[in-house]
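Peer 1: quick one, what's the 3D model for this:
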Amino acid sequence: MKLIVLLLACAYQLAPLCAQEGMVEVKHSEFLFETGKFFAQCHASTIEETADGVLLASWFAGTHEGSSDVRVWGARYENGKWTDPQVWADGQLSDGTQQPCWNPVLFRAAKESLMYLYYKVGPNPREWWGMVKTSHDGGKSWSIAKRLPPGILGPIKNKPLALADGTILSPSSVEINEDRWMAHVERSDDQQQTWQVHPIDHNGKMNVIQPSIVEHADGRLQVLCRSKEGVVATAWSTDGGKSWSTLEKTDLINPNSGTDAICVGNRFYIVYNPALPGKDWWEGRAKLRMATSTDGMHWSDVLHLEDEEKGEFSYPTIMQDAKGLIHIVYTHNRKNIKHVLLRRRE
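Peer 2: So this is what the prediction gives:
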């Protein structure tokens, strides 16, 4: 009987798996807003902490992904709860027409107070362009939107990485067409004012987008990418992101769905959908897990965030706050954004 109870506990949704190194404990989980009150659908959330410790979250929402009324929404965590969502950016053009917004990414370098909101505007991922806004007051107000330079898209889904020398690496990618996807890094040495593009294995055979960047203790950089090949793909850099190795497979399967990864202490954590690609792009997103690794190649699950037979739980973002707690936000059936707060077990 005790064994049955233990197995049930290990399999239960939002419960840690059986004890192993790198385990995490769920402290709290919640939805960010009242379902259906503000918009019909939402997707692609991001979370970041201000210099004074306030959480910000953002996502795109509207009638349906790709609809002209899709805008970037956001909220602040104040007095123990999330504020009602507000529109932080839209896709209105100078001629008055409206284009959909996509994939917001919040980012603040650790030693700075300025908050960046990167996002895309355009009819689809093959034709979109990069935009950016900034906030000097922790997300209470935002600057006028600025279009990024030609050829610079900004972070496509996951947050940039700040190196010790102040260099900012923005993980990005392009969807040339339905048959060819390629990832790259946009590198800035002047506080995100100008950028240089560094390709990730553009002559290789793997099709990848939406990389995350993590830094290893020996200074190596690693990207972990969504792929069309049914796995989380990876590549390495030993020169600060200027050049990258050939893409290769990790031992994580992937149903052509977004992931995100971070380094916490001497470990890496990734949030991903543990399934193989289905007939349609949305298949394989009913289960969402968190895994850990010490080498970035071999991973072990430590948490089942969602474990359903149907539904969409996807596009996670993971970050560590100044207190050491881990935050995850992700799409919950396109109707809400779920926030999960974790503590790492030592």
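Peer 1: poorly predicted segments of the protein, please.
Peer 2: Counting by pLDDT under 70, the chain shows low-confidence ranges at 1-20, 346.
Peer 1: quick one: the helices in the chain?
Peer 2: Assigned by DSSP state H, the helices in the chain fall at 2-11.
Peer 1: could you pull out the strands for the stretch 1-150 of the chain?
Peer 2: Remark: strands assigned in the stretch 1-150 of the chain by DSSP state E, counting those that start in this stretch are 15-16, 24-31, 41-49, 55-62, 71-78, 81-82, 86-89, 101-107, 115-121, 129-135, 146-147.
Peer 1: mind listing what the last one pairs with, with the direction of each?
Peer 2: Which is strand 146-147. Using DSSP bridges, the strands paired with strand 146-147 are strand 129-135 (antiparallel).
Peer 1: next, the buried residues of the partner strand.
Peer 2: Of the residues in strand 129-135, those with enough neighbours to count as buried (16 or more other Cβ atoms under 10 Å) are 129-133, 135. Just so you know, the C-beta spots here come from the backbone N, C-alpha and C atoms, and that holds for glycine as well.
Peer 1: include distance to residue 220 when you put the strands of the stretch 1-150 of the chain into a markdown table, please.
Peer 2: Formatted as a markdown table, the strands of the stretch 1-150 of the chain follow (distance: least, Cβ to Cβ, whole Å):
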| stretch | distance to residue 220 |
| --- | --- |
| strand 15-16 | 29 |
| strand 24-31 | 25 |
| strand 41-49 | 25 |
| strand 55-62 | 30 |
| strand 71-78 | 34 |
| strand 81-82 | 37 |
| strand 86-89 | 35 |
| strand 101-107 | 22 |
| strand 115-121 | 25 |
| strand 129-135 | 27 |
| strand 146-147 | 33 |
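Peer 1: which one of these lies nearest to residue 211?
Peer 2: Residue 211 sits nearest to strand 101-107 of all the strands of the stretch 1-150 of the chain, at 12.2 Å, using Cβ to Cβ.
Peer 1: so what strands line up beside that closest one?
Peer 2: Each strand paired with strand 101-107, and its direction, by DSSP bridges: strand 115-121 (antiparallel).
Peer 1: the partner strand vs strand 41-49, what angle?
Peer 2: Between strand 115-121 and strand 41-49, the angle comes out at 160 degrees (axes from the mean of the first three to the mean of the last three Cα atoms, to 10 degrees).
Peer 1: ok, residues contacting strand 115-121?
Peer 2: When contacts are taken as Cβ atoms under 8 Å, 6 or more residues apart in numbering, the neighbours of strand 115-121 outside the stretch itself are 48, 50, 56, 58, 60, 72, 74, 88-89, 91, 99-108, 128-136, 138-139, 142, 153-156, 170, 192.
Peer 1: only alpha carbons, please: show that strand as CSV.
Peer 2: Taking C-alpha atoms only, strand 115-121 is exported to CSV below (Å, rounded to 0.1, in the frame of the first residue of the first chain):
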residue,chain,number,x,y,z
MET,A,115,13.8,46.9,-18.3
TYR,A,116,13.6,45.9,-22.0
LEU,A,117,10.5,44.5,-23.7
TYR,A,118,11.4,42.9,-27.0
TYR,A,119,8.7,41.6,-29.3
LYS,A,120,7.9,41.0,-32.9
VAL,A,121,5.3,42.6,-35.3
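Peer 1: roughly how far is that strand from the heart of the chain?
Peer 2: From the chain centre to the centre of strand 115-121 is a distance of 13 Å (Cα atoms, centre = their mean, to the nearest Å).
Peer 1: could you check the angle that strand makes with strand 71-78?
Peer 2: Taking the same axes, to 10 degrees, strand 115-121 and strand 71-78 form an angle of 160 degrees between their directions.
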